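Peer 1: no sequence on this one, just coordinates:
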């Protein structure tokens, strides 16, 4: 919003002064979902966070996109420009000066004119040598004299602009007094740096005095002599890299021409001394590299130094965006430099990414495990569980023919929710909500009296609940990874865990993984589990652990859910050794079915969720279902979570 002078009102438009204050905050839920998917697919939380920041979000460009734009900008600078702009301009001015002088001499018949023409004809072929030879020449043409004077002026301004940004424009019409002031500044600057190098005790006073006298030359407004050296060294190093990028002939020409700057050789001498001191004080700057420019747009010395500084800044930003160095954080990104190179939108994107990273850490979505590894916190797992369960609930609601089956009889337990009374309902009234509805309705009609109507009545929603002992057995053999079933398996476990921990808190859930061996795992372990190449599907061991879990809860309804994509190919021997064989050894089949029988004696039925169409697997799981009165569900991968949750609810209601 822009405010005009008093009485002229306001105008509304895009926000350009920094990030939009009305922009929505970082979407942590979407970001966490992305990280959760990466972690469940086998990435570490740290890698998942880095991947999110590299890829970006729906409304924010990621680090990879910003890096791509940086390299594109770098390439554009090199493809568009060349570095001989000052030489070309000097050559043009020299040619114009000589042409004007010859034009002035041609009609004059005297010998002096012919002698001067001979002098001009005898000039050396090199531009710098010709400019030097003309230093003492007495010009007859005022235009020629003016053009030659512009050469000296141009060289002085370009030399200074290559070391002090903006000097070319500031010295557009420099006179002898300006040149003398510049020489005094350079002399004082060299003296200040020499005193600093020698460790003078009064360096702060000297610096303050120098800035009082010459502060106009330093718009960066350095606060200490160290900051002054940093500014000067960065620019001088860029100028040196520009010279390194030229041919040997071009460097020699410019070195010779620099002595003609402002017609005063002291300027080149002072700058040479300054460069030497800066290189000694800041040896860590890049003084030796070069770049290749392939374009047609010529750059002067000042513009070339700025182009080299831009390239160095782009390289630094690329390193910051790469985040590949130890301890890298998004706060390291120089936002001002990024906006200079890519515009304000890039700065907004970088700020959003930094805010996203900061908020993910601040809100405790990551924690350190006992071994020091970074992992998702319980808070993060709950959020992921909410999303996974919500997706499954939406999928279940979308099924045709489904209807609500919760019973709300007097013996039921309140769910914490209420609903409008319908004819035939036997549930108790939700008195507070009923009264509130009556008050709101009466007030909206303007009545001072509160009356109770049938439409105001809400009943307490209840459902029959019994405690259940649930064992979820998930296949973690390599085929689950290979066939793209790893992530859906984890999301299924996450959703079931969320459902039980929030709605059926008295239920006892045990997560059991089985590959060559089986083991009970906590949810964080399962979510962070990486797929490994290991042969064996030890359903026998998994069912054994499930039976132990059910026996620890004899008062609970037993529920066993198994997710697998392969027939059993391993079993557990009495000594604890897992024996693998393919095709399945008869002992493996026998031991697995024996464990199914033991579970059936506990009153549990096993529901097997068969992934894939292997005929041998299909025959075996059908056998399990017949042995224990269970059933087989063959969902597609995307429907696995909905199938498991739906079967759990069906079994529990039964």
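Peer 2: Arrived safely. The shown structure was predicted, so the numbers you read here are calculated from the model rather than taken from an experiment.
Peer 1: which residues of the stretch 351-500 of the chain score low on pLDDT?
Peer 2: Flagging of the stretch 351-500 of the chain using pLDDT under 70 yields the residue ranges 363-377, 380, 383-417, 423-424, 426, 462-466.
Peer 1: and if you look at the stretch 51-200 of the chain?
Peer 2: In the stretch 51-200 of the chain, residues with pLDDT under 70: 168, 170, 173-174.
Peer 1: can you give me the helices for it?
Peer 2: For the stretch 51-200 of the chain, applying DSSP state H, counting those that start in this stretch gives helices covering 63-80, 85-105, 111-121, 127-133, 142-163, 167-170, 176-197.
Peer 1: which among the ones you listed is found nearest to residue 313?
Peer 2: Closest to residue 313 of the helices of the stretch 51-200 of the chain is helix 63-80 (Cβ to Cβ; 9.5 Å). Yep, even glycine has a C-beta here, placed from its N, CA and C like the rest.
Peer 1: for residue 322, see how far away residue 361 is.
Peer 2: 20 Å (Cβ to Cβ, to the nearest Å).
Peer 1: now residue 624
Peer 2: For residue 624 relative to residue 322 (Cβ to Cβ), the value is 52 Å.
Peer 1: those two: which has the busier surroundings?
Peer 2: Neighbour totals were compared for residue 624 and residue 322, and residue 624 leads with 24 against 13 (other Cβ atoms under 10 Å).
Peer 1: the more buried one contacts residue 596, correct?
Peer 2: Yes. Applying Cβ atoms under 8 Å, one finds residue 624 in contact with residue 596, separated by 5.4 Å.
Peer 1: now do the shared contacts for the two.
Peer 2: Common neighbours of residue 624 and residue 596, using Cβ atoms under 8 Å, 6 or more residues apart in numbering, are residue 606.
Peer 1: in TSV, list the helices of the stretch 51-200 of the chain along with mean neighbour count.
Peer 2: TSV is the format used below for the helices of the stretch 51-200 of the chain (neighbours: other Cβ atoms under 10 Å):
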stretch	mean neighbour count
helix 63-80	16
helix 85-105	18
helix 111-121	13
helix 127-133	18
helix 142-163	21
helix 167-170	16
helix 176-197	16
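Peer 1: so which of the ones you listed gets nearest residue 437?
Peer 2: Of all these, helix 63-80 sits nearest to residue 437, with 51.9 Å by Cβ to Cβ.
Peer 1: can you pull out the helices in the stretch 301-450 of the chain?
Peer 2: Assigned by DSSP H, counting those that start in this stretch, the helices in the stretch 301-450 of the chain fall at 301-322, 335-342, 344-362, 378-397, 431-444.
Peer 1: among these, which is the most enclosed?
Peer 2: Sort the helices of the stretch 301-450 of the chain by mean neighbour count, taking mean count of other Cβ atoms under 10 Å, and helix 301-322 sits at the top with a mean of 21.
Peer 1: that one vs helix 63-80, what angle?
Peer 2: 160 degrees (axes from the mean of the first three to the mean of the last three Cα atoms, to 10 degrees).
Peer 1: tell me which residue is most central in this protein.
Peer 2: The chain has residue 53 as the residue nearest its centroid, 2.6 Å off, counting by Cα atoms, centre = their mean.
Peer 1: quick one: that residue and residue 333 touch, right?
Peer 2: No. Counting by Cβ under 8 Å, residue 53 stays clear of residue 333, with 11.0 Å between them.
Peer 1: shared neighbours, the two?
Peer 2: With Cβ under 8 Å, 6+ apart as the test, residue 53 and residue 333 reach no residue in common.
Peer 1: got a list of what residue 580 touches?
Peer 2: Counting by Cβ under 8 Å, 6+ apart, residue 580 has contacts 516, 535-536, 569-570.
Peer 1: can you tell me which of the residues you listed are buried?
Peer 2: Neighbour-count burial (16 or more other Cβ atoms under 10 Å) applied to the contacts of residue 580 gives 516, 536, 569-570.
Peer 1: next one: the closest residue to residue 90 other than its chain neighbours from residue 479, what distance?
Peer 2: Spatial nearest neighbour of residue 90, chain neighbours left out: residue 151 (5.5 Å); criterion: Cβ to Cβ, 6 or more residues apart in numbering. Look at residue 151 and residue 479: by Cβ to Cβ, they are 79 Å apart.
Peer 1: same check on residue 126?
Peer 2: Distance, residue 126 to residue 479, by Cβ to Cβ: 77 Å.
Peer 1: which of those two has more neighbours?
Peer 2: Each of residue 126 and residue 479 has its neighbours counted (other Cβ under 10 Å); residue 479 has more, 20 against 15.
Peer 1: stretch 49-62: how far from the chain's middle?
Peer 2: Distance of stretch 49-62 from the chain centroid (Cα atoms, centre = their mean, to the nearest Å) equals 5 Å.
Peer 1: wasn't residue 571 part of a strand?
Peer 2: Yes. According to DSSP: H, G, I helix; E, B strand; the rest coil, residue 571 belongs to a strand.
Peer 1: surely residue 555 touches residue 468?
Peer 2: No. Counting by Cβ under 8 Å, residue 555 sits too far from residue 468 to count as a contact (10.4 Å).
Peer 1: these two - which one has more neighbours?
Peer 2: Taking other Cβ under 10 Å, residue 555 and residue 468 do not tie; residue 468 has more neighbours (19 against 7).
Peer 1: mind listing what the more buried one touches?
Peer 2: Residue 468 makes contact with 504, 507-508, 556-559, 651-652, according to Cβ under 8 Å, 6+ apart.
Peer 1: try it again with 6 Å
Peer 2: The contact partners of residue 468, taken as Cβ atoms under 6 Å, 6 or more residues apart in numbering, are 507, 556-557, 559, 652.
Peer 1: possible to save the residues you listed as CSV with secondary structure and pLDDT?
Peer 2: Listed next are those as CSV, based on DSSP: H, G, I helix; E, B strand; the rest coil; pLDDT from 0 to 100:
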residue, secondary structure, pLDDT
507, coil, 87
556, coil, 86
557, strand, 86
559, strand, 88
652, helix, 71
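Peer 1: now which of these would you call buried?
Peer 2: Among the contacts of residue 468, those scoring as buried are 507, 556-557, 559, 652 (criterion: 16+ other Cβ under 10 Å).
Peer 1: which of the residues you listed sit farthest apart?
Peer 2: Longest distance between any two of those is 10.6 Å, between 556 and 652; criterion Cβ to Cβ.
Peer 1: before we move on, back to that, from residue 358, how far off is the residue nearest to the centre of the chain?
Peer 2: Distance, residue 53 to residue 358, using Cβ to Cβ: 11 Å.
Peer 1: who touches both of the two?
Peer 2: Joint contacts of residue 53 and residue 358 (Cβ under 6 Å, 6+ apart) do not exist.
Peer 1: circling back to that earlier point, nearest to residue 434 among the contacts of residue 468?
Peer 2: Lowest distance from residue 434 to the contacts of residue 468 (Cβ to Cβ) belongs to residue 652, with 30.3 Å.
Peer 1: quick one: the spatially closest residue to the closest one that is not a sequence neighbour from residue 330, how far?
Peer 2: Beyond its immediate neighbours in the sequence, the residue positioned closest to residue 652 (Cβ to Cβ, 6+ apart) is residue 468, lying 5.5 Å away. Here residue 468 is placed at a distance of 46 Å from residue 330 (Cβ to Cβ).
Peer 1: and for residue 143?
Peer 2: 59 Å.
Peer 1: separation between residue 480 and residue 566?
Peer 2: 8 Å.
Peer 1: tell me the mean pLDDT over the stretch of helix or strand residue 271 belongs to?
Peer 2: Element membership for residue 271, per DSSP states H and E: helix 266-281. Helix 266-281 shows an average pLDDT of 91 in the prediction.
Peer 1: what helices or strands is that helix leaning on?
Peer 2: helix 176-197, helix 225-244 (3 or more Cβ pairs under 6 Å, 6 or more residues apart in numbering; DSSP states H and E).
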